[in-house]
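**Student:** Would you be able to build a 3D model of this:
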Amino acid sequence: MIDGALVFPEVSVGMIEASATRRPARVSAKASAGSVLHILPILPILLRRRTSLSALRPSHLTRAALTKAIESKVERMALNELVELASTLKVAVPTAAKAIRRRGQKSILRPTRPEGRVLQGSGVGPVVSAAEGRRLLDAITIDNEAADWAESELVGAGELVQRLGIARGTLDNWRKAGKIIALRKGLRNFVYPIRQFDRRRPVDGLDQVAEHFASAEETWEWLVAPNRMTDGKAPIDVLHAGDVRGVVSAAAGAFDYA
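**Tutor:** A predicted model of the protein is given here:
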């Protein structure tokens, strides 16, 4: 004791552990007891200090695992995301990377144009009764089952060349050039609607009409159905009358409901 205060010798945890593990040689019981008495008052303080230091010591394995996870995440990031991250962390960004970032922002802000044609109606019309609705539908609907393409007269190649008095090669050339409507029958055979011929040759304009449809069946179905764009007549009859331009124009707008 010095000036009324207790003074403890300099003792470290390592000294305690060494004392516990090292077997003293020829030390009297009185000396051992004196050493223990000196250490006992500060033993709790030393143990708490040892515990706190152990808790604060970082784990190298945990640090390595965390670093690897972050690197893996960064490697998968897009360039614009890396630039954003660098800006947040206040890391110098190369000029080329800044330019890419500005282009990316412009592309996000620029509105994309819708593909195809956008149709805009005039809104919902007046509400009518069921009877009035049926009357209005009848006024714009043409019911002519006799004009259905399946009921048209169809003949095979052999019979057709005999009726027209032409060579088989001529018929095949018309078909390959798209000058006539040939409806497939099976894998290799075709049948031909008689209604598309005028005397010994096909009517003009069939190839121009067919360009606006996906198949020969769809083309012929449109040709034989009365159409408001051709004054309520079947387009094939208008072709027979010689109005190729009017029928082609109607075919071009067949799917235009604007």
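**Student:** what ranges of the stretch 151-258 of the chain fall below the confidence cut-off?
**Tutor:** Residues of the stretch 151-258 of the chain meeting the criterion pLDDT under 70: 151, 257-258.
**Student:** Please repeat the previous calculation with a cut-off of 90.
**Tutor:** Along the stretch 151-258 of the chain, the parts satisfying pLDDT under 90 run over 151-153, 185-188, 199-200, 228, 253-258.
**Student:** what about L85, neighbour count?
**Tutor:** Residues lying near L85 (other CB atoms under 10 Å) number 14. All C-beta spots, glycine's among them, are computed from the backbone N, C-alpha and C.
**Student:** what's next to the strand ranked longest in the chain, contact-wise?
**Tutor:** Determined from DSSP state E, the single longest strand within the chain is strand 189-193. Residues from elsewhere that reach strand 189-193 (CB atoms under 8 Å, 6 or more residues apart in numbering): 149, 152-157, 160, 171, 175, 180-185, 220, 224.
**Student:** Could you give the number of residues near V118?
**Tutor:** 8.
**Student:** Now do the contacts for it.
**Tutor:** Contact analysis of V118 by CB under 8 Å, 6+ apart lists nothing.
**Student:** Buried ones only from the contacts of strand 189-193, please, as a PyMOL command.
**Tutor:** Here is the PyMOL command that selects the buried residues among the contacts of strand 189-193 (16 or more other CB atoms under 10 Å):
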select buried, resi 149+152+154+157+160+171+175+180+181+182+183+220+224
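**Student:** hmm, back to that, what residues sit buried inside the longest strand of the chain?
**Tutor:** 190-193.
**Student:** again, but for stretch 199-218
**Tutor:** Neighbour-count burial for stretch 199-218 flags 202-203, 205-210, 212-213, 216 (criterion: 16+ other CB under 10 Å).
**Student:** all helices of the protein, in order?
**Tutor:** Assignment of helices within the chain using DSSP state H yields the ranges 13-21, 29-39, 43-56, 60-75, 79-88, 95-109, 130-140, 157-164, 168-177, 206-210, 216-224, 235-240, 244-252.
**Student:** picking that back up, could I get the CA-only coordinates of the longest strand of the chain as PDB?
**Tutor:** Extracted C-alpha coordinates of strand 189-193, given in PDB (Å, rounded to 0.1, in the frame of the first residue of the first chain):
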ATOM      1  CA  ASN A 189     -52.500 -32.500-105.000                       C
ATOM      2  CA  PHE A 190     -54.400 -29.300-105.600                       C
ATOM      3  CA  VAL A 191     -58.000 -28.400-106.500                       C
ATOM      4  CA  TYR A 192     -59.000 -25.200-108.400                       C
ATOM      5  CA  PRO A 193     -62.100 -23.100-108.000                       C
END
